[in-house]
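Novice: build me a model from this:
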Amino acid sequence: MNAATAQAIWLLAAGLLLALVLGIVLARIISRRVAVPIGSLAAATGAVARGAATEIGGETRIDELRRLAAGMRTAAEAGAERQAIIEREKEALQAADRAKDEWRSTPSASSSRRPGSW
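Specialist: Numbers count the residues shown, from 1 in each chain. Below is the predicted model of the structure:
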């Protein structure tokens, strides 16, 4: 093997090693750009499923992840609104039960009823 061939092999090996290192570095950078937002959205999804209030991120340059975050925010708001409606209805039913019980316990309400006069 002559000097030119040896030099070409060393250059090829160095270029291959450099390309490999550069590929690994770029893969890590790109995976973090995707994995970190997906991880935070996954955590937010769990919190929304439990009904807990949570901050849903979405600050990313990836359009699909931004749309996913917007959808998660909409779902979380709808869930919170639904829960508020349920609580209001529950309070209204409890108030109606209390009013009924108070009416039944009033002496004038029970004495004004005659048997068979419904």
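Novice: show the contacting residues for residue 75.
Specialist: residue 48 (Cβ atoms under 8 Å, 6 or more residues apart in numbering). No exception for glycine: its C-beta is placed from N, CA and C like everyone else's.
Novice: any idea how far residue 48 is from it?
Specialist: 6 Å (Cβ to Cβ, to the nearest Å).
Novice: check which helices and strands the helix ranked longest in the chain is in contact with.
Specialist: The longest helix of the chain (DSSP state H) is helix 3-50. Where contact means 3 or more Cβ pairs under 8 Å, 6 or more residues apart in numbering; DSSP states H and E, helix 3-50 is packed against helix 63-105.
Novice: next, the angle from the helix it packs on to helix 3-50.
Specialist: 10 degrees (axes from the mean of the first three to the mean of the last three Cα atoms, to 10 degrees).
Novice: which residues of this structure score low on pLDDT?
Specialist: 58, 109-118 (pLDDT under 70).
Novice: and with 90 instead?
Specialist: Low-confidence segments of the chain (pLDDT under 90): 1, 30-80, 101-118.
Novice: residues in contact with residue 54?
Specialist: 43-44, 47-48, 76.
Novice: please apply the same query to residue 57.
Specialist: The contact partners of residue 57, taken as Cβ under 8 Å, 6+ apart, are 37, 40-41, 44, 69.
Novice: just give me the closest of those residues to residue 108.
Specialist: Closest approach between the contacts of residue 57 and residue 108, by Cβ to Cβ: residue 44, at 56.3 Å.
Novice: now that closest one, nearest residue through space, not along the chain?
Specialist: Computed as Cβ to Cβ, 6 or more residues apart in numbering, the closest residue to residue 44 that is not its neighbour in sequence is residue 56, at 4.5 Å.
Novice: next, count neighbours for that neighbour.
Specialist: Here the number of neighbours of residue 56 (other Cβ atoms under 10 Å) works out to 21.
Novice: now swap in the one 10 residues further on and tell me
Specialist: Here the count is done by other Cβ under 10 Å, and residue 66 has 15 residues near it.
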